[in-house]
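J.: need a 3D model of the following:
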Amino acid sequence: MAYVSIDGEKYEKELLDLAKKHTTGKGEGKLSKDEVADLFKSANDGQGVTETEKKTLAYIRNNFEFTDAAAKDFDGNFSNL
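T.: Numbering: from 1, shown residues only. Here you go, the predicted structure:
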């Protein structure tokens with residue numbers, strides 16, 4: 001698993017890359033419900049969601065734009081981790 005450091009904090013590179021991929025190119029530049037589902041599927045790829053993955057998801061929530069429906073889904077999924 002690869003990591004990146006942002007402001008001295010360690011985050012999972014795969015999740016950040018996925019969020020960037022979903023918000024660049026075609027589209028409105030916001031994460032959609034399906035893309036949020038992809039993020040949580042990726043985070044839950046092993047024995048569960050690690051603390052680094054949780055921290056990365058929180059970073060994504062605070063630094064990326066979401067559609068209203070996606071934000072609601074994200075918040076609901078995150079609160080269940």
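
J.: tell me the SS of the most centrally placed residue in the chain?
T.: The chain has residue 57 as the residue nearest its centroid, 4.2 Å off, counting by CA atoms, centre = their mean. Assigned with DSSP: H, G, I helix; E, B strand; the rest coil, residue 57 falls in the helix class.

J.: which residues touch it?
T.: Going by CB atoms under 8 Å, 6 or more residues apart in numbering, residue 57 touches 15, 39, 40, 43, 49, 74, 78, 81. Yep, even glycine has a C-beta here, placed from its N, CA and C like the rest.

J.: what does the model give it for pLDDT?
T.: Note for residue 57: predicted pLDDT of 98.

J.: that one and residue 39, how far apart?
T.: 7 Å (CB to CB, to the nearest Å).

J.: chain neighbours aside, what residue packs nearest to residue 12?
T.: Leaving aside its chain neighbours, residue 12 sits nearest to residue 56 (4.5 Å; criterion: CB to CB, 6 or more residues apart in numbering).

J.: swap in residue 77?
T.: Closest residue to residue 77 apart from its sequence neighbours, by CB to CB, 6+ apart: residue 40 at 5.0 Å.

J.: the one you found - how many residues pack around it?
T.: Residue 40 has 18 neighbouring residues, counting by other CB atoms under 10 Å.

J.: what backbone torsions are found at it?
T.: Phi and psi for residue 40, reported as degrees, to the nearest 10, are phi -70, psi -30.

J.: just checking, it touches residue 75?
T.: No. Applying CB atoms under 8 Å as the test, residue 40 and residue 75 come out as separate, 11.6 Å apart.

J.: flag every buried residue along the strand or helix carrying residue 74.
T.: Using DSSP states H and E, residue 74 sits within helix 68-79. Buried residues in helix 68-79, counted by 16 or more other CB atoms under 10 Å: 70, 71, 73, 74, 77, 78.

J.: and stretch 18-38, by the same measure?
T.: Buried residues in stretch 18-38 (16+ other CB under 10 Å): 18, 19, 22, 23, 31, 32, 33, 35, 36, 38.
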